[in-house]
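Colleague: dropping the sequence and predicted coords here.
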Amino acid sequence: MSNVYLNFEASRFFEALALVLVLTLTHGAGACAIACLFFHGAEA
């Protein structure tokens with residue numbers, strides 16, 4: 001059960017990381033703040 005949970009969390013982390021990378025490449029450094037807000041919003 002814990003392994004499934006950890007795998008799910010890891011996939012969420014890498015998904016968020018990929019999203020941040022894409023946003024940074026497409027919209028520039030300003031998108032980092034938006035990505036941070038989105039990521040922390042998803043955590044809450």
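Modeller: Noted; the coordinates are in hand.
Colleague: average pLDDT for stretch 18-32?
Modeller: Taken as a whole, stretch 18-32 has an average pLDDT of 76.
Colleague: what's the distance between it and the middle of its chain?
Modeller: Its chain's C-alpha centre lies 11 Å from the corresponding centre of stretch 18-32 when counted by C-alpha atoms, centre = their mean, to the nearest Å.
Colleague: just the CA trace of it, in CSV.
Modeller: Extracted as CSV, the C-alpha positions of stretch 18-32 are listed here (Å, rounded to 0.1, in the frame of the first residue of the first chain):
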residue,chain,number,x,y,z
ALA,A,18,7.7,18.6,-16.3
LEU,A,19,4.9,21.3,-16.2
VAL,A,20,7.3,23.8,-14.6
LEU,A,21,10.0,23.0,-17.2
VAL,A,22,7.5,23.4,-20.1
LEU,A,23,6.1,26.7,-18.7
THR,A,24,9.6,28.0,-18.2
LEU,A,25,10.6,27.2,-21.7
THR,A,26,7.5,28.6,-23.3
HIS,A,27,6.7,31.6,-21.2
GLY,A,28,10.1,32.5,-19.6
ALA,A,29,11.2,33.0,-16.1
GLY,A,30,8.0,34.8,-15.1
ALA,A,31,6.1,31.6,-15.4
CYS,A,32,8.1,30.2,-12.5
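Colleague: ok, residues contacting it?
Modeller: 34-35, 38-39 (C-beta atoms under 8 Å, 6 or more residues apart in numbering). For the C-beta atoms, the positions are set from N, CA and C on the backbone; glycine is no exception.
Colleague: now do 10 Å
Modeller: Under the criterion C-beta atoms under 10 Å, 6 or more residues apart in numbering, residues 34-36, 38-39, 42 lie in contact with stretch 18-32.
Colleague: so which of those residues sit within helices?
Modeller: When helices are assigned by DSSP state H, the members of the contacts of stretch 18-32 inside them are 34-36, 38-39, 42.
Colleague: how about JSON lines for these, with distance to residue 13 added?
Modeller: Listed next are those as JSON lines, based on distance: C-beta to C-beta, whole Å:
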{"residue": "34", "distance to residue 13": "18"}
{"residue": "35", "distance to residue 13": "13"}
{"residue": "36", "distance to residue 13": "14"}
{"residue": "38", "distance to residue 13": "14"}
{"residue": "39", "distance to residue 13": "10"}
{"residue": "42", "distance to residue 13": "11"}
